[in-house]
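> below: sequence and its predicted model.
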Amino acid sequence: MKTKRNLSVFVFTIFLLSASAQKDTTHYMFSFVSINAGYGMNTVSPASKILITPFWGSNGPTASVMALLALNESYFGIPVMLGYSAPKFDATDYGMQNPDTAQQYKYYTYDRSKSGNYNIYYLMTGLDLKLPERTTREAFELRFVVGPMIATEPAFTYGYGNPNYLVEHVASISAANTVAIAFSPGISFGYKLTQHMAIMANADVLFAEMKFKATESWNGFYYVGYPRQIAILSAMGYLHLTGGIAYTFGKMTPNIAY
């Protein structure tokens with residue numbers, strides 16, 4: 001009889017421990033607002049640019065503000081991201097690959113001081129998924145967002161020489177603007193410091209197809225048809241690596257004593 005009673009107590013204790021452990025692992029998505037800053041890099045390789053219409057950005061600073069509205073008692077949330085990026089315009093790469101010049105001339109010169117940076121602004125929303133885990137301070141999230149993007153291509157100059165006449169003509173292209181629909185998959189890792197403060201690390205890839213309508217003119221020479229309107233196409237795949245600090249609404253980790 002005593003053995004049966006002890007066995008019953010043991011089984012009941014195991015059940016309580018199991019239920020308690022299950023409760024501890026239920027750490028749903030939490031709402032937060034974060035400020036992030038970091039570095040951007042072009043993901044299109046030089047070899048691939050021969051086959052596609054590339055984005056002529058190399059690298060540059062980036063910053064964003066992100067807010068997330070957590071859906072009640074779930075691992076899903078709705079993110080809203082407002083971002084800015086300033087990739088450096090790669091004039092050398094543009095001149096070598098641009099079919100408007102590369103099919104006619106072999107020699108190029110560039111004025112890097114006038115190439116400048118793109119200015120890219122985007123506002124996107126979508127869906128965020130928090131992966132369930134057994135820890136309480138860490139959060140690993142996946143997201144996909146889409147929305148409008150405004151980009152300004154910098155004013156820049158480039159020159160190309162005609163080897164038959166050994167002369168060089170310097171052309172300038174004005175700045176141009178475009179509006180496009182962009183989408184961005186991304187991941188985030190967060191670590192809770194206090195009840196409401198956390199640090200975050202993010203990786204997002206910004207995709208968009210852009211068409212800039214710019215004006216091309218020739219300096220010091222007269223040619224029929226100049227200045228003229230040209231279309232500059234860019235297929236962007238741009239990686240943003242950022243870090244920041246977040247303010248979280250709700251404890252998210254009720255079993256931690258701060």
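Received it, and whenever you're ready, just let me know what you need. Residues are numbered from 1 along each chain as shown.

> now the terminal residues of stretch 216-236, how far apart.
With Cα to Cα, to the nearest Å applied, stretch 216-236 spans 22 Å between its terminal residues.

> in stretch 53-67, which residues are buried?
Buried residues in stretch 53-67, defined by neighbour count with 16 or more other Cβ atoms under 10 Å: 53-60, 62-64, 66-67. Heads up, the C-betas are built off the backbone N, CA and C, glycines and all.

> which helices and strands sit right next to the helix or strand containing residue 182?
Secondary structure assigned from DSSP states H and E places residue 182 in strand 176-192. With contacts defined as 3 or more Cβ pairs under 8 Å, 6 or more residues apart in numbering; DSSP states H and E, the secondary structure elements packing on strand 176-192 are strand 119-130, strand 138-153, strand 197-219, strand 228-249.

> where does pLDDT dip in the stretch 51-200 of the chain?
By pLDDT under 70, the low-scoring segments of the stretch 51-200 of the chain are 51-52, 92-114, 133-136, 158-171.

> just the strands in the stretch 1-150 of the chain please.
31-42, 59-70, 76-85, 107-111, 119-130, 138-153 (DSSP state E, counting those that start in this stretch).

> would CSV of those strands with distance to residue 182 be doable?
Shown next, in CSV, are the strands of the stretch 1-150 of the chain (distance: least, Cβ to Cβ, whole Å):
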stretch, distance to residue 182
strand 31-42, 13
strand 59-70, 13
strand 76-85, 10
strand 107-111, 28
strand 119-130, 5
strand 138-153, 4
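
> partners of the strand holding residue 182 in the sheet?
Partner strands for strand 176-192, per DSSP bridges, with pairing direction: strand 138-153 (antiparallel), strand 197-219 (antiparallel).

> okay if I get those strands as JSON lines plus mean neighbour count?
As requested, the strands paired with strand 176-192 are arranged in JSON lines below (neighbours: other Cβ atoms under 10 Å):
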{"stretch": "strand 138-153", "mean neighbour count": "19"}
{"stretch": "strand 197-219", "mean neighbour count": "17"}
